Structures are given as structure tokens and as C-alpha cells.
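>>> what's the 3D shape of this:
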Amino acid sequence: MAETRTRGRRERLRAETTAEIKDVALRLMASGGPDAITLRAIAREMGMTANAIYGYFATRDDLVTALIDDVYTALADAVDAAWAATAADDPAGRIRAWAHAFRDWALANPAGFRLIYGDPVPGYQAPEGGAAPDAAQRVCTGLTALAAVAWPRASEASGASEDFQWSDFDAGLLSKIRPAFPDLPPAAVALALRIWGHLHGLLCLEIYGHLRTQMLSPDKLFREELAQLVRSLGLTV
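A predicted model of the protein is given here:
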């Protein structure tokens, strides 16, 4: 019994230290950019020796991979929950819910947003299959679902080009979305990327601080952009 309690304490301490290492890494990135994520810098911040921190993450790349997995999974959970909480017969509502969940998560986790959507960590080598493949698949599928709920009305309302072919898209992207949406044409996949551009572009301006001196209410701007997007898809705002 005593041995079990001791092992439990060690496991809790390890989990707490691992979580602190990740938190410190994101704080360093927020203040110093991707270059600031080093195991030695984290060890200094935490008052640990470099050798001690290697007991938690053998390499810097292992730590970055774990961070990406955590961050991407949290984002996927947030947008999936927003989608599921909205009625299936309300496509405009689902698009708005997904988009606002994306923005809310990004504003609450700016360092995480920059880690997965901003400047790459110099020298980082992702594992085979990529970092956070399951979460990336969920977010990619979610974005495609935004186009799927509006199709084909969106095609008629926005004049979406029918000239797209499957050969226009990366094979890795198609392997993620075609099994989930076998009936969608190539033009709908292009529409999904355009929707992403609307949401992601404005969010990048906000997260990277470019709107701070230009707009007193970024939230109002985002809502208007989203309303215009929904209208352009032929849906009721």
C-alpha cells in the first residue's frame, strides 16, 4: 500500500512538472518567439538542471511535438463542441458557432495559435505522420463541414467556380476529407479553403497585434465579416 502511494505521488509530480514545462515553453515563445523554445532556457526558468529536464523530454523536438498535440487537440475539442451544440438544421448557426469557437480559443491561447498557425519553430522536425495528426484531421474535417452544410446553395449564391479538379489539391488534404465527404465536388473543397481564408486571415491580424492600433472593436469587425460570409453562402444570417 505504501509503495502504491509513493508511486502515485511520483506520477502526480511528474505530470505536474511536465505540465509546467509545457506552460513555460509557451510563455517563452509568447515573449521571445519560436527561437525561445529550448530545453536549457526552460530549465533555467524552472530552476532545474538541463540534465533533469531531459528526463521529461529527450529532445526539444519531442517537447514541441507534445505542445502541438496539446494545442491542436484543445482547438479541435473547442470547435467540435460548438458544432455539436448547434442544431443540424441551422447551417448558418453552425458556421457562426464554429467560427466563434475558433476565435475564442485563439484569443485565449495566442501562443498556441502562433505555434500551430504562425512562424515555424526553427529546425523542428515533426515525427513521421506529422504532429497531432488526429486533431489536425478533426479541424480539417470541421472546416470542410462548413462548406458542406452550405453546398450547393453556396455554389449558386457565390458563383463558385466549377473549374476545380481533384488534381488541384494536395493528396494529403484529399486523404483527410474525401472519405468524410465522398459526395462533395472539388469546388466545395476550394470553398472550404476560401472560408478558412476569411476566418484565419482576420484572426492572424488580431492575434499578431496588427488590429490594435487600427480597430477599437475587433470583435465587431469579426462578427461583420462572419455575417457577410454567411450571406455570401446563400444562408440566412
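
>>> And the closest residue in space to residue 206 that isn't next to it in sequence, how far from residue 225?
Excluding its sequence neighbours, the residue lying closest to residue 206 (Cβ to Cβ, 6 or more residues apart in numbering) is residue 218, at 4.9 Å. (Glycine included, C-beta is placed from N, CA and C.) Counting by Cβ to Cβ, to the nearest Å, the separation of residue 218 from residue 225 is 10 Å.

>>> Between those two, which is the more surrounded one?
Neighbour tally, residue 218 and residue 225, criterion other Cβ atoms under 10 Å: the higher count belongs to residue 218, 18 against 15.

>>> phi, psi of the more buried one?
phi -60, psi -30 (degrees, to the nearest 10).

>>> can you pull the pLDDT of it?
Looking at residue 218, its pLDDT reads 91.

>>> Cross-check the contact I'm expecting between it and residue 211.
Yes: between residue 218 and residue 211 there is a contact at 4.9 Å, judged by Cβ atoms under 8 Å.

>>> quick one: least confident helix or strand in this protein?
Ranked by mean pLDDT, DSSP states H and E, the weakest helix or strand in the chain is helix 153-158, scoring a mean of 74.

>>> contacts for the next helix or strand after it?
Moving toward the C-terminus from helix 153-158, the next helix or strand (DSSP states H and E) is helix 171-177. Residues outside helix 171-177 that contact it (Cβ atoms under 8 Å, 6 or more residues apart in numbering): 136-137, 140-141, 144, 166, 184, 189, 192.

>>> Secondary structure element holding the closest residue in space to residue 210 that isn't next to it in sequence?
In this structure, residue 210 finds its nearest non-sequential neighbour in residue 204, 8.0 Å apart by Cβ to Cβ, 6+ apart. Residue 204 belongs to helix 186-207 when assigned by DSSP H and E.

>>> same deal with residue 76?
helix 60-84.

>>> For residue 197, grab the count of nearby residues.
Number of residues near residue 197 (other Cβ under 10 Å) recorded here: 10.

>>> List the residues that contact it.
No contacts exist for residue 197 under Cβ under 8 Å, 6+ apart.

>>> report the angle between the axes of the longest helix along the chain and helix 60-84?
The single longest helix within the chain, with elements called by DSSP state H, is helix 2-32. Angle between the axes of helix 2-32 and helix 60-84 is 90 degrees (criterion: axes from the mean of the first three to the mean of the last three Cα atoms, to 10 degrees).

>>> Helix 2-32: what's the following helix or strand?
By DSSP H and E, the next helix or strand past helix 2-32 is helix 39-46.

>>> Contacts for that following helix next, please.
By Cβ under 8 Å, 6+ apart, the residues outside helix 39-46 that reach it are 20-21, 24-25, 27-28, 48-50, 52-54, 57, 59-60, 63.
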